[in-house]
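Undergrad: Could you work out the structure for the sequence below:
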Amino acid sequence: MTQTNNQQPDAELKVLEQSIEKELLDLILKHLEEGSIELEKAQEISKEYLALLPFHDKAELLKKLGTLSSKYQEAQNVYAKFAGGIEKKDAAERVEQMSQHIKSGNIEEAIKVAKGGAS
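TA: Presented below is the predicted three-dimensional model:
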């Protein structure tokens with residue numbers, strides 16, 4: 001399977017989806033227990049998150065989760081927690097791809113990766 005910068009193997013993306021879902025659910029339950037949100041709002045957030053699934057790649061995941069976090073404060077913490085890690089990992093992967101291209105003398109491909117193109 002050929003991978004572009006914004007694609008992950010399906011299994012890795014699925015694990016990420018499940019982690020986000022668990023984190024969001026834990027946060028919603030915490031807010032319900034504290035009485036800071038009503039059950040209806042908790043159900044609405046959960047329903048909207050599930051409607052976003054499945055994510056096809058990390059870029060789509062970040063975009064959709066960002067949209068959800070702009071609508072619900074409860075999702076903001078989840079977005080902040082996962083977005084930084086995803087972006088950091090993407091940058092590290094791009095640097096590694098560029099390094100491999102440079103080592104093999106393929107400067108054009110390294111430049112393409114640096115600009116966000118496929119490796």
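
Undergrad: Flag every buried residue along the helix or strand containing residue 84.
TA: Under the criterion of DSSP states H and E, residue 84 resides in helix 73-103. Of all the residues in helix 73-103, those buried under the rule 16 or more other CB atoms under 10 Å are 74-76, 78-79, 82-83, 86, 90, 94, 97-98, 101. From N, CA and C alone the C-beta is placed, and that goes for glycine too.

Undergrad: Tabulate those in a markdown table, adding columns for pLDDT and distance to residue 17.
TA: Formatted as a markdown table, these follow (pLDDT from 0 to 100; distance: CB to CB, whole Å):
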| residue | pLDDT | distance to residue 17 |
| --- | --- | --- |
| 74 | 83 | 17 |
| 75 | 90 | 14 |
| 76 | 91 | 18 |
| 78 | 90 | 12 |
| 79 | 90 | 14 |
| 82 | 87 | 10 |
| 83 | 85 | 14 |
| 86 | 78 | 12 |
| 90 | 75 | 17 |
| 94 | 82 | 22 |
| 97 | 88 | 24 |
| 98 | 88 | 28 |
| 101 | 86 | 31 |
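
Undergrad: for the residues you listed, which one is nearest residue 58?
TA: residue 86 (5.3 Å; CB to CB).

Undergrad: Does that closest one touch residue 63 like I think?
TA: No: contact between residue 86 and residue 63 fails when scored by CB atoms under 8 Å: they sit 11.4 Å apart.

Undergrad: secondary structure class for the residue of the chain positioned farthest from its centre?
TA: No residue in the chain sits farther from the centre than residue 105, which is 32.3 Å out by CA atoms, centre = their mean. Using DSSP: H, G, I helix; E, B strand; the rest coil, the structure places residue 105 in coil.

Undergrad: Quick check: phi and psi on it?
TA: Residue 105 has phi and psi values of phi 80, psi 10 when expressed as degrees, to the nearest 10.

Undergrad: can you tell me how far it sits from residue 37?
TA: 57 Å (CB to CB, to the nearest Å).
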